[in-house]
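**Q** Any chance you can model this:
(one chain, ligands or ions: 2)
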Amino acid sequence: MLLQYESERIPLAGGELLYWPRFLETRDAEALFECIRDRVPWVQSKICIAGRQLPIPRLNAWYGDSGTEYGYSGTRLPVNSWLPELDSLKSRVARASGSAFNCALLNLYRDGRDSVDWHSDNEPELGRTPIVATLSLGAERRFDLRPRRRDMGKLETGRARARKTQCLHLPAGSLLVMAGDTQRNWQHRVPKMSTEIGERISVTFRYVESN
Ligand SMILES: O=C(O)CCC(=O)C(=O)O
Ligand SMILES: [Mn+2]
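**A** Numbers count the residues shown, from 1 in each chain. Ligands and ions are numbered 1, 2, ... in the order given. Below you'll find the predicted structure:
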């Protein structure tokens with residue numbers, strides 16, 4: 001089922017990116033996309049911005065071992081227990097990347113208008129050096145990385161950040177692992193697109209320290 005081709009290291013100053021262009025075969029990636037899209041209880045969270053509750057531009061679901069919890073900006077996602085397909089994917093991603101995972105945040109981008117804005121996955125419960133492994137399914141989307149404002153101790157100007165921005169393209173079946181100091185030194189996003197784009201799902205495996 002798996003094409004565990006060698007991973008490529010994508011150069012990133014002050015970060016670590018490992019990339020498997022074809023972690024899953026096309027047919028398996030398609031079957032997994034349909035399974036996840038149809039069986040996951042997707043929710044659209046709201047976040048509070050300037051006192052207003054606004055729906056975020058994508059759907060989410062949280063899967064995890066008991067004791068793992070996820071929340072941001074005052075929202076908490078309910079914890080689902082692992083679907084067998086996600087559980088076996090977790091084991092395979094763990095084996096390939098050499099890292100343990102106990103939860104996954106799933107994103108469903110319904111079309112090009114759905115997105116996730118610049119952020120780092122650096123919540124305290126992810127520990128000092130978070131490892132986030134993203135398996136992509138469905139339509140290919142752009143994935144951008146830019147230095148954080150204080151890049152490796154130095155304050156970055158807007159122009160320097162724009163110049164250092166890296167654009168990746170994540171097709172169905174690919175796996176991207178962000179490790180090392182990536183979350184400390186870099187931000188990432190999936191930008192909105194004005195072209196017609198189909199649905200994309202990302203499964204982002206993480207390790208949450210239980211309290
Ligand atoms: O969909 C993606 O590839 C990225 C999602 C993401 O950054 C996140 O869930 O934290
Ligand atoms: Mn993220």
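**Q** Any idea how many residues pack against the nearest residue to residue 139 once chain neighbours are set aside?
**A** Leaving aside its chain neighbours, residue 139 sits nearest to residue 198 (4.0 Å; criterion: CB to CB, 6 or more residues apart in numbering). The way it works is simple: take the backbone N, C-alpha and C, and place the C-beta from them, glycine included. For residue 198, the count of nearby residues is 12 (other CB atoms under 10 Å).
**Q** and the helix or strand that contains residue 163, which residues are buried?
**A** Here residue 163, judged by DSSP states H and E, is contained in helix 158-164. Residues of helix 158-164 classed as buried: residue 161 (neighbour count, 16 or more other CB atoms under 10 Å).
**Q** Next secondary structure after it?
**A** Next along from helix 158-164, by DSSP H and E: strand 166-170.
**Q** which of the residues in that next one are buried?
**A** So for strand 166-170, counting by 16+ other CB under 10 Å, buried means 166, 170.
**Q** Need the nearest residue in space to the residue of the chain found nearest ligand 1, chain neighbours excluded.
**A** Closest residue of the chain to ligand 1, CB to the nearest ligand atom: residue 202 (3.2 Å). Once flanking residues are discounted, residue 202 sits nearest to residue 107: 4.7 Å by CB to CB, 6+ apart.
**Q** Do I have it right that the one you found meets residue 60?
**A** Yes. Counting by CB atoms under 8 Å, residue 107 does reach residue 60; the two are 6.0 Å apart.
**Q** Of those two, give the one with the bigger neighbour count.
**A** More crowded of residue 107 and residue 60, by other CB under 10 Å: residue 107, with 21 against 18.
**Q** From residue 136, how far off is that one?
**A** Computed as CB to CB, to the nearest Å, the residue 107 to residue 136 distance reads 10 Å.
**Q** Spell out which residues of this protein are next to ligand 1.
**A** Within the chain, the positions near ligand 1 by CB under 6 Å from any ligand atom are 105, 107, 116, 121, 134, 143, 188, 190, 202, 204.
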